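Undergrad: Model the following, please.
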Amino acid sequence: MAASGDPDGTARAVGGRARLDWPRGSTRAALMNAGAAVARGDIFCFLHADSFPPGNALALIEQALADPRAVGGAFEHLFAEPSVSLGLITSINRVRYRLTRNYYGDQGIFVRAAVFRELGGYGDLDLLEDLDFARRLRRRGRSVLIREPQLTSGRRFLARGPWRTFFFIVWLLALHTLRLDTRRYAERWRGPAHLTPGMPWPSGST
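TA: Sure thing, here's the model as predicted:
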């Protein structure tokens with residue numbers, strides 16, 4: 001498990017159930033690439049710390065990749081919290097990724113290890129590294145959507161306002177699609193380095 005931030009708190013949360021690596025990079029892309037570099041399996045599945053795959057996730061991934069044309073994929077997305085706004089945002093997001101096969105990291109992106117290495121892993125991006133990788137993965141071969149949902153925490157949305165956060169993501173996606181700079185928004189998305197990621201935006205910020 002590649003980690004960054006609070007060593008003591010992370011160690012307590014893991015409770016010895018996984019090996020912890022502390023790579024130099026602090027971006028999500030750097031952490032996932034570092035984890036993949038020491039992984040030994042034939043299939044990689046990238047999970048955020050606040051995402052919870054279904055209990056039979058490994059079997060579902062194995063079934064999805066039984067087709068030799070399949071190179072990877074992701075799970076259906078579902079927020080863990082019961083919220084009308086989060087439910088609507090999930091529905092909108094499902095239309096997007098079912099049509100495009102462009103997945104977010106909190107969907108539990110999985111990929112054949114050989115394909116991951118062939119693609120050069122995650123790009124050196126401060127934001128939207130998951131979307132960038134999903135697009136490159138889709139061009140490489142068949143990308144599978146597993147219709148079993150993976151639960152993910154909506155705390156960032158709830159703390160900052162569900163629709164305010166949603167439209168900020170839409171803005172970032174528009175910039176990314178137009179190949180414009182998104183790096184300057186990285187701290188605004190994650191929050192200041194000295195605060196827990198996903199904390200409410202400071203008053204007056206977008």
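Undergrad: so where is the chain shaky, pLDDT-wise?
TA: 1-26, 191-206 (pLDDT under 70).
Undergrad: if you take the average position of it, which residue is closest to it?
TA: By C-alpha atoms, centre = their mean, the chain has its centre lying nearest to Gly105, at 1.5 Å.
Undergrad: From what I see, that one and Asp132 are in contact.
TA: No: Gly105 lies out of contact with Asp132 (C-beta atoms under 8 Å); the separation is 10.8 Å. All C-beta atoms are positioned from the backbone trio N, CA, C, and that covers glycine.
Undergrad: mind listing what the closest residue to the residue nearest to the centre of the chain other than its chain neighbours touches?
TA: Spatially, and ignoring its direct neighbours in sequence, Gly105 is nearest to Asp130 (3.7 Å; C-beta to C-beta, 6 or more residues apart in numbering). With contact taken as C-beta atoms under 8 Å, 6 or more residues apart in numbering, Asp130 is in contact with 28, 103-105, 109, 122.
Undergrad: Starting from whichever strand or helix holds Asp130, tell me the next helix or strand along the chain.
TA: Per DSSP states H and E: Asp130 is located in helix 129-140. Next helix or strand after helix 129-140 toward the C-terminus (DSSP H and E): strand 142-152.
Undergrad: Okay, buried residues for that next one please.
TA: Buried positions in strand 142-152, judged by neighbour count with 16 or more other C-beta atoms under 10 Å: 142-146, 149-152.
Undergrad: Which single one of those residues is nearest to Ala186?
TA: Nearest to Ala186 out of the buried residues of strand 142-152 is Thr152 (C-beta to C-beta; 20.0 Å).
Undergrad: I'd say the closest one and Ser51 touch.
TA: Yes: if you go by C-beta under 8 Å, Thr152 and Ser51 touch, sitting 4.2 Å apart.
Undergrad: what sits in contact with each of those two?
TA: With C-beta under 8 Å, 6+ apart, Thr152 and Ser51 have common neighbours Asp106.
Undergrad: Okay, and the beta partners of Ala70?
TA: Bridge pairing for Ala70 (DSSP bridges) gives the partners Arg142.
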